[in-house]
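Trainee: turn this into a structure:
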Amino acid sequence: MEKVFEVKGLCYRYPEGREALCGVDLEVFEGESLVILGPNGAGKSTLLLSLAGLLKPEGQVLYRGKPLAGLKDPRRLEIGFLFQDPDDQLFSLTVFEDVAFGPRQLGLPEEEVACRVREALSRVGLEGFEERSPHHLSFGEKRRAALATVLSMKPRVLLLDEPTSNLDPRARRQFVDFMRSLSETKVLATHDLELAYEVADRVALLYRGRVVHIGKPEQVLLDEVLLERYGLEMPLFARLLKGVGNARKDYVAGLSS
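Mentor: All right, here's what the predicted structure looks like:
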(Lines give C-alpha, C1' and ligand atoms only; values in the text may rest on other atoms or scores of the structure.)
Protein backbone atom coordinates (compact mmCIF):
# COMPACT_ATOMS: atom_id res chain seq x y z
CA MET A 1 0.00 0.00 0.00
CA GLU A 2 1.38 3.41 -0.97
CA LYS A 3 2.60 5.70 1.80
CA VAL A 4 0.98 9.13 1.64
CA PHE A 5 2.92 10.56 4.59
CA GLU A 6 6.06 9.32 6.28
CA VAL A 7 7.13 11.24 9.37
CA LYS A 8 10.52 10.66 10.97
CA GLY A 9 11.85 12.23 14.16
CA LEU A 10 9.51 15.23 13.96
CA CYS A 11 10.12 17.97 16.55
CA TYR A 12 8.60 21.42 16.85
CA ARG A 13 8.98 24.15 19.46
CA TYR A 14 6.80 27.27 19.38
CA PRO A 15 8.49 30.70 19.56
CA GLU A 16 7.55 31.16 23.23
CA GLY A 17 9.51 27.99 24.01
CA ARG A 18 6.77 25.37 24.36
CA GLU A 19 7.79 22.03 22.85
CA ALA A 20 4.76 20.63 20.99
CA LEU A 21 6.35 17.69 19.16
CA CYS A 22 9.43 15.76 20.23
CA GLY A 23 10.35 12.82 18.03
CA VAL A 24 7.17 11.83 16.19
CA ASP A 25 7.37 8.83 13.86
CA LEU A 26 4.27 8.07 11.82
CA GLU A 27 3.07 6.61 8.53
CA VAL A 28 -0.21 7.31 6.71
CA PHE A 29 -1.30 5.03 3.88
CA GLU A 30 -3.35 5.64 0.74
CA GLY A 31 -7.11 5.57 1.32
CA GLU A 32 -7.02 5.00 5.07
CA SER A 33 -8.66 6.95 7.87
CA LEU A 34 -6.13 7.60 10.63
CA VAL A 35 -7.43 9.19 13.82
CA ILE A 36 -4.97 10.91 16.16
CA LEU A 37 -6.10 10.90 19.79
CA GLY A 38 -4.56 12.60 22.77
CA PRO A 39 -5.26 14.90 25.72
CA ASN A 40 -5.05 18.68 25.51
CA GLY A 41 -1.53 19.82 24.71
CA ALA A 42 -0.47 16.48 23.22
CA GLY A 43 0.49 18.15 19.92
CA LYS A 44 -2.37 16.97 17.68
CA SER A 45 -2.99 20.28 15.89
CA THR A 46 0.73 20.94 15.54
CA LEU A 47 1.17 17.53 13.90
CA LEU A 48 -1.61 18.23 11.40
CA LEU A 49 -0.16 21.66 10.55
CA SER A 50 3.21 20.01 9.99
CA LEU A 51 1.69 17.43 7.64
CA ALA A 52 0.05 20.25 5.69
CA GLY A 53 3.36 22.07 5.28
CA LEU A 54 2.10 25.05 7.29
CA LEU A 55 4.86 24.71 9.89
CA LYS A 56 8.57 24.02 9.50
CA PRO A 57 9.48 21.44 12.14
CA GLU A 58 12.77 19.66 12.63
CA GLY A 59 12.89 16.13 11.34
CA GLN A 60 11.38 14.81 8.14
CA VAL A 61 7.89 14.93 6.63
CA LEU A 62 7.66 13.09 3.33
CA TYR A 63 4.58 13.39 1.15
CA ARG A 64 4.41 10.51 -1.32
CA GLY A 65 8.11 9.89 -0.86
CA LYS A 66 9.37 13.47 -1.17
CA PRO A 67 9.50 16.46 1.22
CA LEU A 68 7.13 19.33 0.54
CA ALA A 69 9.12 22.26 -0.88
CA GLY A 70 7.47 25.11 1.02
CA LEU A 71 4.15 26.83 0.48
CA LYS A 72 4.70 27.10 -3.28
CA ASP A 73 5.01 23.35 -3.79
CA PRO A 74 2.13 22.50 -6.18
CA ARG A 75 1.60 19.19 -4.38
CA ARG A 76 0.26 21.10 -1.38
CA LEU A 77 -2.93 21.59 -3.44
CA GLU A 78 -3.52 17.87 -3.00
CA ILE A 79 -3.80 18.37 0.78
CA GLY A 80 -6.99 19.89 2.17
CA PHE A 81 -6.99 21.27 5.74
CA LEU A 82 -10.12 21.76 7.85
CA PHE A 83 -9.41 24.07 10.79
CA GLN A 84 -11.02 23.52 14.18
CA ASP A 85 -12.89 26.85 13.99
CA PRO A 86 -14.91 27.15 10.74
CA ASP A 87 -14.79 30.95 11.01
CA ASP A 88 -11.08 30.67 10.15
CA GLN A 89 -12.13 29.45 6.67
CA LEU A 90 -15.31 31.47 6.06
CA PHE A 91 -14.75 35.13 5.33
CA SER A 92 -16.88 36.08 2.30
CA LEU A 93 -20.36 37.57 2.06
CA THR A 94 -21.94 34.39 0.67
CA VAL A 95 -21.34 30.67 0.90
CA PHE A 96 -20.82 30.58 -2.87
CA GLU A 97 -17.99 33.11 -2.70
CA ASP A 98 -16.27 31.20 0.11
CA VAL A 99 -16.41 27.86 -1.67
CA ALA A 100 -15.41 29.47 -4.98
CA PHE A 101 -12.38 31.27 -3.53
CA GLY A 102 -9.91 28.38 -3.84
CA PRO A 103 -10.84 27.29 -7.38
CA ARG A 104 -10.66 30.92 -8.54
CA GLN A 105 -7.11 31.16 -7.20
CA LEU A 106 -6.28 28.29 -9.54
CA GLY A 107 -7.37 30.45 -12.46
CA LEU A 108 -10.20 28.11 -13.47
CA PRO A 109 -12.95 29.32 -15.84
CA GLU A 110 -15.98 30.65 -14.01
CA GLU A 111 -18.13 27.82 -15.38
CA GLU A 112 -15.77 25.24 -13.83
CA VAL A 113 -15.70 27.24 -10.58
CA ALA A 114 -19.50 27.19 -10.38
CA CYS A 115 -19.53 23.47 -11.12
CA ARG A 116 -17.05 22.78 -8.32
CA VAL A 117 -19.08 24.90 -5.88
CA ARG A 118 -22.29 23.02 -6.67
CA GLU A 119 -20.57 19.66 -6.37
CA ALA A 120 -18.86 20.50 -3.06
CA LEU A 121 -22.05 21.88 -1.49
CA SER A 122 -23.98 18.84 -2.67
CA ARG A 123 -21.43 16.50 -1.08
CA VAL A 124 -21.83 18.18 2.32
CA GLY A 125 -25.63 18.49 2.09
CA LEU A 126 -25.80 22.26 1.59
CA GLU A 127 -27.51 22.43 -1.80
CA GLY A 128 -29.27 25.77 -2.20
CA PHE A 129 -27.06 27.55 0.35
CA GLU A 130 -25.06 29.43 -2.30
CA GLU A 131 -26.48 32.89 -1.47
CA ARG A 132 -26.68 32.40 2.30
CA SER A 133 -24.41 34.44 4.53
CA PRO A 134 -21.87 32.18 6.28
CA HIS A 135 -22.24 34.24 9.43
CA HIS A 136 -25.96 33.39 9.66
CA LEU A 137 -25.45 29.64 9.51
CA SER A 138 -25.64 27.30 12.48
CA PHE A 139 -22.33 25.97 13.77
CA GLY A 140 -22.95 22.61 12.11
CA GLU A 141 -23.76 24.32 8.81
CA LYS A 142 -20.62 26.45 9.12
CA ARG A 143 -18.58 23.28 9.65
CA ARG A 144 -20.02 21.74 6.49
CA ALA A 145 -19.54 24.96 4.51
CA ALA A 146 -15.89 25.07 5.63
CA LEU A 147 -15.48 21.48 4.51
CA ALA A 148 -17.01 22.41 1.14
CA THR A 149 -14.29 25.07 0.71
CA VAL A 150 -11.76 22.26 1.08
CA LEU A 151 -13.56 19.78 -1.19
CA SER A 152 -13.92 22.35 -3.99
CA MET A 153 -10.14 22.08 -4.43
CA LYS A 154 -10.50 18.33 -5.09
CA PRO A 155 -7.81 17.25 -2.60
CA ARG A 156 -6.44 13.71 -2.43
CA VAL A 157 -5.85 13.99 1.33
CA LEU A 158 -7.98 15.56 4.06
CA LEU A 159 -6.51 16.79 7.36
CA LEU A 160 -9.27 17.57 9.87
CA ASP A 161 -8.70 19.25 13.23
CA GLU A 162 -11.37 18.43 15.86
CA PRO A 163 -14.07 18.13 13.17
CA THR A 164 -16.93 17.18 15.53
CA SER A 165 -16.26 19.74 18.28
CA ASN A 166 -19.34 21.80 19.25
CA LEU A 167 -21.64 19.85 16.93
CA ASP A 168 -25.08 18.84 18.19
CA PRO A 169 -25.93 15.09 18.04
CA ARG A 170 -27.73 15.29 14.69
CA ALA A 171 -25.00 17.35 13.02
CA ARG A 172 -22.39 15.01 14.45
CA ARG A 173 -24.17 11.96 13.07
CA GLN A 174 -24.39 13.61 9.63
CA PHE A 175 -20.68 14.35 9.76
CA VAL A 176 -19.77 10.78 10.74
CA ASP A 177 -21.90 9.40 7.89
CA PHE A 178 -20.19 11.77 5.48
CA MET A 179 -16.72 10.78 6.67
CA ARG A 180 -17.58 7.13 6.04
CA SER A 181 -18.61 7.97 2.48
CA LEU A 182 -15.31 9.64 1.54
CA SER A 183 -12.71 7.68 -0.39
CA GLU A 184 -9.94 10.26 0.15
CA THR A 185 -7.13 9.58 2.61
CA LYS A 186 -8.10 11.18 5.93
CA VAL A 187 -6.16 12.16 9.04
CA LEU A 188 -8.35 13.41 11.90
CA ALA A 189 -7.16 14.91 15.18
CA THR A 190 -9.83 14.72 17.85
CA HIS A 191 -10.85 14.23 21.48
CA ASP A 192 -13.93 12.33 20.26
CA LEU A 193 -13.14 8.68 21.02
CA GLU A 194 -16.49 7.56 19.67
CA LEU A 195 -15.67 9.24 16.34
CA ALA A 196 -12.41 7.31 16.29
CA TYR A 197 -14.24 4.04 16.80
CA GLU A 198 -16.75 4.86 14.06
CA VAL A 199 -14.46 6.08 11.26
CA ALA A 200 -10.86 5.02 11.93
CA ASP A 201 -8.95 2.25 10.22
CA ARG A 202 -6.13 2.92 12.70
CA VAL A 203 -5.81 5.02 15.84
CA ALA A 204 -2.59 6.78 16.90
CA LEU A 205 -2.20 7.91 20.52
CA LEU A 206 -0.22 11.13 20.85
CA TYR A 207 1.10 11.98 24.30
CA ARG A 208 3.49 14.79 25.25
CA GLY A 209 4.52 15.27 21.65
CA ARG A 210 5.18 11.62 20.83
CA VAL A 211 3.21 8.86 19.12
CA VAL A 212 3.13 6.27 21.90
CA HIS A 213 0.82 3.65 20.43
CA ILE A 214 -0.87 2.78 17.11
CA GLY A 215 -3.50 0.11 16.63
CA LYS A 216 -6.95 -0.86 15.42
CA PRO A 217 -9.72 1.23 17.05
CA GLU A 218 -11.24 -1.74 18.88
CA GLN A 219 -7.82 -2.65 20.29
CA VAL A 220 -7.03 0.86 21.51
CA LEU A 221 -10.41 2.13 22.66
CA LEU A 222 -11.36 -0.99 24.63
CA ASP A 223 -8.05 -0.97 26.53
CA GLU A 224 -8.80 1.03 29.68
CA VAL A 225 -5.28 0.70 31.10
CA LEU A 226 -3.71 1.99 27.88
CA LEU A 227 -6.07 4.96 27.65
CA GLU A 228 -5.59 6.01 31.27
CA ARG A 229 -1.81 5.70 30.96
CA TYR A 230 -1.85 8.38 28.28
CA GLY A 231 -4.35 10.83 29.74
CA LEU A 232 -7.60 9.53 28.24
CA GLU A 233 -10.68 7.95 29.79
CA MET A 234 -12.57 5.01 28.35
CA PRO A 235 -15.93 6.39 27.14
CA LEU A 236 -19.29 4.87 28.10
CA PHE A 237 -19.88 3.28 24.69
CA ALA A 238 -16.54 1.44 24.98
CA ARG A 239 -17.38 0.20 28.47
CA LEU A 240 -20.68 -1.16 27.16
CA LEU A 241 -18.98 -2.84 24.18
CA LYS A 242 -16.35 -4.36 26.43
CA GLY A 243 -19.05 -5.59 28.81
CA VAL A 244 -20.97 -7.24 25.99
CA GLY A 245 -17.78 -8.87 24.70
CA ASN A 246 -16.92 -10.25 28.14
CA ALA A 247 -20.48 -11.53 28.61
CA ARG A 248 -20.28 -13.33 25.25
CA LYS A 249 -16.95 -14.96 26.22
CA ASP A 250 -18.44 -16.10 29.55
CA TYR A 251 -21.47 -17.55 27.75
CA VAL A 252 -19.35 -19.48 25.25
CA ALA A 253 -17.09 -20.75 28.04
CA GLY A 254 -20.16 -21.94 29.92
CA LEU A 255 -21.39 -23.92 26.91
CA SER A 256 -18.08 -25.72 26.56
CA SER A 257 -17.69 -26.59 30.22
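
Trainee: three-state assignment of residue 81?
Mentor: Secondary structure assignment for residue 81 (DSSP: H, G, I helix; E, B strand; the rest coil): strand.

Trainee: for it, give the beta-bridge partners.
Mentor: Assessed by DSSP bridges, residue 81 has beta-bridge partners residue 159.

Trainee: so it touches residue 150, yeah?
Mentor: Yes. Distance between residue 81 and residue 150: 6.9 Å, which falls inside the contact criterion (C-beta atoms under 8 Å). All C-beta spots, glycine's among them, are computed from the backbone N, C-alpha and C.

Trainee: neighbour-wise, which of the two wins?
Mentor: Using other C-beta atoms under 10 Å as the criterion, residue 81 and residue 150 rank with residue 150 on top: 23 against 20.

Trainee: quick one: that one is in a helix?
Mentor: Yes. Assigned with three-state DSSP, residue 150 falls within a helix.

Trainee: surely residue 21 and residue 10 touch.
Mentor: Yes. Counting by C-beta under 8 Å, a contact exists between residue 21 and residue 10, whose distance comes to 5.3 Å.

Trainee: list the residues that contact both of the two?
Mentor: 47, 50, 57 (C-beta atoms under 8 Å, 6 or more residues apart in numbering).

Trainee: now, which of these sits nearest residue 128?
Mentor: Residue 128 lies nearest to residue 47 out of the shared contacts of residue 21 and residue 10, by C-beta to C-beta, at 36.6 Å.

Trainee: which secondary structure element is home to that closest one?
Mentor: When elements are defined using DSSP states H and E, residue 47 is found to belong to helix 44-51.

Trainee: so how far is that helix from its chain's centroid?
Mentor: 10 Å (C-alpha atoms, centre = their mean, to the nearest Å).

Trainee: and if you look at stretch 8-18?
Mentor: Computed by C-alpha atoms, centre = their mean, the chain-centroid distance of stretch 8-18 equals 21 Å.

Trainee: what do you get for stretch 37-56?
Mentor: Here the centre of mass of C-alpha atoms in stretch 37-56, compared against the chain's by C-alpha atoms, centre = their mean, lies 11 Å away.

Trainee: low-confidence regions, this structure specifically.
Mentor: Low-confidence segments of the chain, defined by pLDDT under 70, are located at 242-257.

Trainee: quick one, helices of it?
Mentor: Using DSSP state H, the helices found in the chain span residues 44-51, 95-105, 110-123, 139-151, 169-181, 193-199, 217-221, 224-229, 236-256.
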